[in-house]
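**Q** how does the following fold in three dimensions:
(3 chains)
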Amino acid sequence: MSTSLRLNPIACEAHGMCAELLPERISLDEWGYPVIDGKPLSGEALRHAERAVKSCPTFALMLERRATARAS
Amino acid sequence: MSGPERLPRLLAGTGERRAIGYDDHLALHGELPLERRRRRRAEPRLVEELELAGLRGRGGGGFPTASKLRAVARARRGPVVVVNATEGEPASRKDRVLCELAPHLILDGAELVTRALDADCALVCVCESAPEGAVALSDAIEERRRLDGSCTRTALRTIPHGYLAGQESALVAHLNGGPALPTFTPPMVFEQGVGRRPTFLSNAETFAHVALIARHGARWFRELGTTEQPGSALVTLSGAVARPGVYEIAYGAELSSLVAAAGGATEPVRAALFGGYAGAWIDGSQLNRAALADEHLAAHGASLGAGVVLLLGEESCPVAEVTRIARWLAGQSARQCGPCLHGLDALAEAFGRIAEGGGEGGDLDRVRRLCSLVRRRGACSHPDGAARFALSAAEVFAEELADHARYGRCPDCDRHPHLPLGGARQDVARERVSLS
Amino acid sequence: MNVPLAASGGSAYWFLTRSTGAVALLLLTIAVVLGVLDVRRTSTPRWPRFVLDSLHRNVSLLAMCFLALHVLTAVLDSFAPISLLDAFLPFAGSYRPFWLGLGAVALDLLLAVTLTSLMRRRFGYSSWRAVHWLTYASWPIALLHGFGTGSDVKAAWLLVISIACLLAVLLAILARVTSGWPGGHRRLRRGAALGGAGAFSLFLALWLPGGPLGAEWARRSGTPQKLLKHGSPVVGAQKARHG
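**A** Below you'll find the model as predicted:
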């Protein structure tokens, strides 16, 4: 099970708080919209990501759990 | 009844300019073998046949039809079947032609899937700008109800015109009473679609193939085409060709034989666009042995998509054409997602500056940067398609673009645009039989 | 600071209700100004958006705390006949019914805004947003309530605070309208904001001198007869000091 960030681009209104709270994974493009690194999160980064998700005024940012592919 | 050995398959019997009647249709193709679903929740036999046949969606996505059917069949709530004949791509006319000439094949496929899924209803969706197709389909539905009482659960729906209106989630949103704009997925349409029920939504041509596979079997289907892409497909060929129109091909056929069947190119071919305006360009010099199959086109970064091939002649100005389409793509954005609405506008502006010769000269770099910036950042694949179109144009037409950036407009810029963008009805020739 | 407890027994509460009312108005004004200016436009590296956003939320909650104290002390005070019901049900009281009622309206609106904000995820973004617009109605109503009900309205300190709050909101609206919405399709909002602000200010300028700042406002605003005879607890306390 891995957790990663996912964005609903329709709900996103470029408030930009997520990028302030998790600059390691989220940066803003020239129009203020987030560019999100979708790699799995853990530990400290995950805690900051949870805070970023809570700060989104439009609930566009979310955390998604996905089953990781088994190593064969 | 054994199937036709060669082409045509879908376009069989469509010599005249009107729809094949029900009796003629049955005489030509044979009775439709409808299955009775044995146990509740048991997998319909149709799934296995479609899996062996390797049928993939003909709407551009190419999703394996058997997998989709299986996923919807597993659902608990009563499923809905949607036939997508909206065809928002302006350079594509195959669905229109299929509706007008062979509506019973589409309806056969819809009946088969509806029965296999034990669905409550089948909704056949046509675009409001294609009234002839709508008339042909509704007449065909009427005919069937009258003659053998089939299609009682089939209804016709008219959808507003628009490039994105036929996108899967947008179509479902419209059928649910909202605007015809894409929605955020998950949940996917096959999980929660029309009326929040699991929905089997596929292109009209796909349903027509289902109708023939059910009759003649998977092995027959695989007699044409390649291993990866079996079967036949409808292709819309337009641009610098003598007889533009809808042709039926076997996957893997050479582009040159298709063009020959269409009367040959009207001028030397500068480049070809595959897959429509969300597709990719291939330089004319690479087209000699180009085969109409995704596995071959992929080497050039292209795919057939919904079966669209556009030939751009040397006498046209590629920069003017590409700029015009880039502007159109920006205008077709649903404007729901920031990166798409801003990015595509910026892309059109950059091309516009290059075309007029103004700008600082960094515009081509800007085009490339914008393309990588908008990819996968929208709710649907519109920005990805626009990026693919723009990036391949920047590569294939690098020379003309550099010339325009330096010297401005060329004499060919003011020529009448070749690439179709819908609007006025185009008198495109209808069906033709094609080659293998 | 010694609180004069002469004249009537509830003047401690009366003092508290006026002061908490003034503080609530100040805090509410700060919250409204932050909301109007929009964190996206006002943030700096030292004041990033998430900080301004938290500030807006915390100031609003603090304002609600002071508002609760304001209502509680007004009800507990025995001088003016204000019941708990009057705090929520507008225009039904016996003490300056209209002006007190405005306070009840403002309170009800702010309660709706607070509840939906605390349970935002449950309500969903669009419902929350629709209710949040009510703040633009609650603030001027609260200001009017202050002017109409307050017994200190002629006192310099409260007048200065009230006018300062009004100016702050007007300036914020002006700043937002001139820089806030690129693109012509927001012209309606721009016009409505300017028009509303202008009309409200004009109304105050015309009404205040002849109204709360004029003669015998206490009687004209609906203070019950028996209270007018005894005088307000503030006046009574002052008399006790100077007398």
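**Q** any chance you could map the helices in chain A?
**A** Per DSSP state H, chain A carries helices over the ranges A:17-21, A:43-55.
**Q** most tightly surrounded among those helices?
**A** helix A:17-21 (a mean of 23; mean count of other C-beta atoms under 10 Å in any protein chain shown). For glycine as for every other residue, the C-beta is placed from the backbone atoms N, C-alpha and C.
**Q** any bit of that one sitting next to chain B?
**A** No: Helix A:17-21 lies out of reach of chain B by C-beta under 8 Å from any C-beta of the partner chain, never closer than 13.3 Å.
**Q** please, which helix or strand holds the residue nearest to B:Leu32 when sequence neighbours are not counted?
**A** Leaving aside its chain neighbours, B:Leu32 sits nearest to B:Asp108 (5.2 Å; criterion: C-beta to C-beta, 6 or more residues apart in numbering or on different chains). Element membership of B:Asp108 [criterion: DSSP states H and E] is helix B:103-117.
**Q** circling back to that earlier point, thinking the residue nearest to B:Leu32 is in contact with B:Pro33, fair?
**A** No: counting by C-beta atoms under 8 Å, B:Asp108 does not reach B:Pro33; the two are 10.0 Å apart.
**Q** what sits closest to residue 9 if chain neighbours are left out?
**A** Reading this off chain A. B:Cys337 (3.8 Å).
**Q** the chain in question should be chain B.
**A** B:Arg9's closest residue in space is B:Ser232 (C-beta to C-beta, 6+ apart), at 5.0 Å.
**Q** cool, C:Leu89 as well?
**A** Nearest non-adjacent residue to C:Leu89 (C-beta to C-beta, 6+ apart): C:Ala104, at 6.3 Å.
**Q** for that neighbour, give me its contacts.
**A** C:Asp86, C:Ala87, C:Phe88, C:Leu89, C:Pro90, C:Phe91 (C-beta atoms under 8 Å, 6 or more residues apart in numbering or on different chains).
**Q** now the strands: where do they sit in chain C?
**A** Listed in chain order, chain C contains no strands at all (DSSP state E).
**Q** just to revisit the earlier point, higher neighbour count, B:Asp108 and B:Pro33?
**A** B:Asp108 (26 against 10; other C-beta atoms under 10 Å in any protein chain shown).
**Q** any idea how far B:Thr114 is from the more buried one?
**A** 11 Å (C-beta to C-beta, to the nearest Å).
**Q** what residues does chain A put near chain C?
**A** So chain A meets chain C at A:Ala11, A:Ala14, A:His15, A:Gly16, A:Met17, A:Glu20, A:Leu21, A:Gly32, A:Ser55, A:Pro57, A:Thr58, A:Phe59 (C-beta under 8 Å from any C-beta).
**Q** turn those into a markdown table, including pLDDT and distance to B:Ala265.
**A** Listed next are those as a markdown table, based on pLDDT from 0 to 100; distance: C-beta to C-beta, whole Å:
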| residue | pLDDT | distance to B:Ala265 |
| --- | --- | --- |
| A:Ala11 | 95 | 48 |
| A:Ala14 | 93 | 47 |
| A:His15 | 92 | 53 |
| A:Gly16 | 93 | 52 |
| A:Met17 | 93 | 56 |
| A:Glu20 | 95 | 56 |
| A:Leu21 | 95 | 57 |
| A:Gly32 | 93 | 47 |
| A:Ser55 | 92 | 58 |
| A:Pro57 | 91 | 56 |
| A:Thr58 | 93 | 51 |
| A:Phe59 | 94 | 53 |
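**Q** list just the nearest of these to B:Thr323.
**A** A:Gly32 (26.8 Å; C-beta to C-beta).
**Q** pretty sure the closest one is touching A:Ala14, no?
**A** Yes: when contacts are counted by C-beta under 8 Å, A:Gly32 is listed as touching A:Ala14 (3.8 Å).
**Q** joint contacts of those two?
**A** By C-beta under 8 Å, 6+ apart, the residues touching both A:Gly32 and A:Ala14 are B:Gly338, C:Arg40.
**Q** what about C:Phe50, neighbour count?
**A** Neighbours of C:Phe50 using other C-beta under 10 Å come to 20.
**Q** check contacts around it.
**A** Counted by C-beta under 8 Å, 6+ apart, C:Phe50 has contacts A:Met17, A:Glu20, A:Leu21, A:Ser55.
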